[in-house]
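[1] Test case, fold it:
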Amino acid sequence: MTANEDQEMELEALRSIYEGDECFKEISPVSFQFRVGDLEDTKAFILDITWPDTYPETAPQICLDAFFNNRISAATKQLILLKLEEQVEANLGSAMMYTLFEWAKENQDALMESHRPVVTAVTLTSNTEVMAPSAAKKREKKEQLTKAQKRRIVNRTDNKGELPRGWNWVDVIKLSKTGGKDDD
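    You can find the predicted model right below:
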């Protein structure tokens with residue numbers, strides 16, 4: 001079997017195994033992303049893997065440069081790549097993507113053991129804060145009033161635009177006549 005046929009078979013197998021799995025993303029027939037861990041998990045990371053022309057006889061290119069991985073320290077990234085390279089060496093010459101992905105999932109805690117989140121300038125909270133004012137502007141759009149409605153509002157208010165004191169008070173006498181128990 002040629003390397004190209006091996007790649008086609010492995011690609012077909014990966015598509016069937018990870019169909020509908022949100023952790024796996026096929027960028028191209030020779031390039032993949034696999035997320036290890038849940039999106040909310042601080043110890044989650046994304047593996048970018050690209051096959052060279054001679055894969056599986058030669059090692060795939062593994063990269064952790066995805067934006068998702070910006071909070072992972074360089075030392076932790078080096079450790080992950082080192083451990084994955086060991087797995088690649090053990091499986092060289094055979095289809096190894098499934099093995100690599102599953103090994104990374106099983107050993108996520110060990111790989112991220114020394115992980116301390118790196119604070120970056122761009123965080124999810126700043127993104128939502130940026131979006132909030134534009135959404136608030138859309139909600140603040142006032143209802144258009146007719147001239148008659150505007151006149152009524154002006155007639156009810158004083159020169160400062162405030163309603164007179166007691167405009168919403170209820171007369172106590174009216175309440176005693178309309179509600180309450182009978183005194184028979």
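[2] Give me the pLDDT for residue 141.
    Residue 141 is assigned 64 on the pLDDT scale.
[3] how near is residue 33 to residue 160?
    Counting by CB to CB, to the nearest Å, the separation of residue 33 from residue 160 is 61 Å. From N, CA and C alone the C-beta is placed, and that goes for glycine too.
[4] typo on my end, it should be residue 76
    Taking CB to CB as the measure, residue 76 and residue 160 are separated by 62 Å.
[5] what about these two, which has more around it?
    More neighbours surround residue 76 than the other of residue 76 and residue 160, with 21 against 5 (other CB atoms under 10 Å).
[6] Is the more buried one part of a helix or strand, or is it coil?
    Following DSSP: H, G, I helix; E, B strand; the rest coil, residue 76 is assigned to helix.
[7] Which parts of this protein are strands?
    Listed from the start of the chain, the chain has strands (DSSP state E) covering 24-28, 31-36, 45-50, 61-63.
[8] Partner strands of the last one, with direction?
    The one in question is strand 61-63. With DSSP bridges as the test, strand 61-63 is paired with strand 45-50 (antiparallel).
[9] Identify all contacting residues around the strand it pairs with.
    27, 30-37, 60-66, 68-69, 72, 80, 84, 97, 100-101, 104, 111-112 (CB atoms under 8 Å, 6 or more residues apart in numbering).
[10] Show me which positions of that strand end up buried.
    45-49 (16 or more other CB atoms under 10 Å).
[11] just the angle between it and strand 24-28, please?
    Strand 45-50 and strand 24-28 are oriented at 30 degrees to each other (axes from the mean of the first three to the mean of the last three CA atoms, to 10 degrees).
[12] Distance check, the residue nearest to the spatial centre of the chain against residue 112.
    Among the residues of the chain, the one closest to the centroid is residue 39, at 6.4 Å (CA atoms, centre = their mean). Plainly put, residue 39 is 15 Å away from residue 112 if you go by CB to CB.
[13] Poorly predicted segments of this protein, please.
    1-3, 115-142, 161, 171-184 (pLDDT under 70).
[14] Tell me where it has helices.
    According to DSSP state H, the chain carries its helices in the segments 3-17, 74-91, 97-106, 108-111, 124-139, 147-156, 172-178.
[15] Identify the residues contacting the third one?
    This means helix 97-106. By CB under 8 Å, 6+ apart, the residues outside helix 97-106 that reach it are 10, 13-14, 17, 24, 32, 34, 36-37, 47, 49, 60, 80, 84, 87-88, 91, 111.
[16] So for it, what gets flagged as buried?
    97, 100-101, 103-104.
[17] what's the burial count for residue 91?
    The local packing of residue 91 (other CB under 10 Å) involves 17 other residues.
[18] Now it. Nearest residue, chain neighbours left out?
    Closest residue to residue 91 in three dimensions, ignoring its sequence neighbours and counting by CB to CB, 6 or more residues apart in numbering: residue 99, at 5.6 Å.
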